[in-house]
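Asks: what shape does this take:
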Amino acid sequence: MRTINLIGNRSVTIDKEVIATAVRLSIKSSSPAYTLSMKLIPGLCWCKTNNLMALYDTEINEAITERVSYARKLVKKSLHKLI
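Replies: Okay, the predicted model is just below:
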């Protein structure tokens, strides 16, 4: 298991195989961001099976929004360097 800090101070663990599968499928997809998030979110459901507090939809939405925003900033910076 690989630990990734996605939401605030919560440690979220996701199996490396789930990440690899999600990335592989998103590369082949016509809408990679949607595919990636839809394949990773079920990997976060480990909370319920481990008797931990489940993540709420709003927390998941905030985390995805934050990461998408950060990715857009990185893309803009790299485009400005090319110009």
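
Asks: just the helices in this structure please.
Replies: With helices called from DSSP state H, the chain shows them at 16-28, 32-40, 46-49, 57-82.

Asks: out of those, which gets the lowest mean score?
Replies: Comparing mean pLDDT across the helices of the chain, the weakest is helix 46-49, with a mean of 60.

Asks: buried residues, stretch 37-46. List them.
Replies: Neighbour-count burial for stretch 37-46, counted by 16 or more other CB atoms under 10 Å, picks out 37, 39-40, 43-44, 46. All C-beta spots, glycine's among them, are computed from the backbone N, C-alpha and C.

Asks: from those residues, which is closest to Ser26?
Replies: Among these, Lys39 lies closest to Ser26 (CB to CB), at 7.1 Å.

Asks: and for the residue nearest to the closest one when sequence neighbours are not counted, the neighbour number?
Replies: Counting by CB to CB, 6 or more residues apart in numbering, the nearest residue to Lys39 once its immediate chain neighbours are dropped is Ala22, at 3.5 Å. Per other CB atoms under 10 Å, the neighbour tally for Ala22 reads 21.

Asks: from Lys77, how far out is Ala22?
Replies: Applying CB to CB, to the nearest Å, the value for Ala22 to Lys77 is 25 Å.

Asks: cool, and Ser26?
Replies: With distances taken as CB to CB, Ser26 is found 22 Å from Lys77.

Asks: try Tyr70
Replies: For Tyr70, the distance to Lys77 (CB to CB) stands at 11 Å.

Asks: re earlier: rebuild the buried residues of stretch 37-46 as TSV, extending it with distance to Asn61.
Replies: Converted to TSV, these look like this (distance: CB to CB, whole Å):
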residue	distance to Asn61
Ser37	10
Lys39	17
Leu40	13
Gly43	16
Leu44	12
Trp46	19
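
Asks: spatially nearest residue to Ile14 (excluding sequence neighbours)?
Replies: Gly43 (4.5 Å).

Asks: looking at the one you found now. What's its pLDDT?
Replies: 71.

Asks: thought it was touching Glu17?
Replies: No: checked against CB atoms under 8 Å, the pair Gly43 and Glu17 is beyond contact range at 9.3 Å.

Asks: pull the contacting residues for Ser29.
Replies: By CB atoms under 8 Å, 6 or more residues apart in numbering, Ser29 lies in contact with Thr35.
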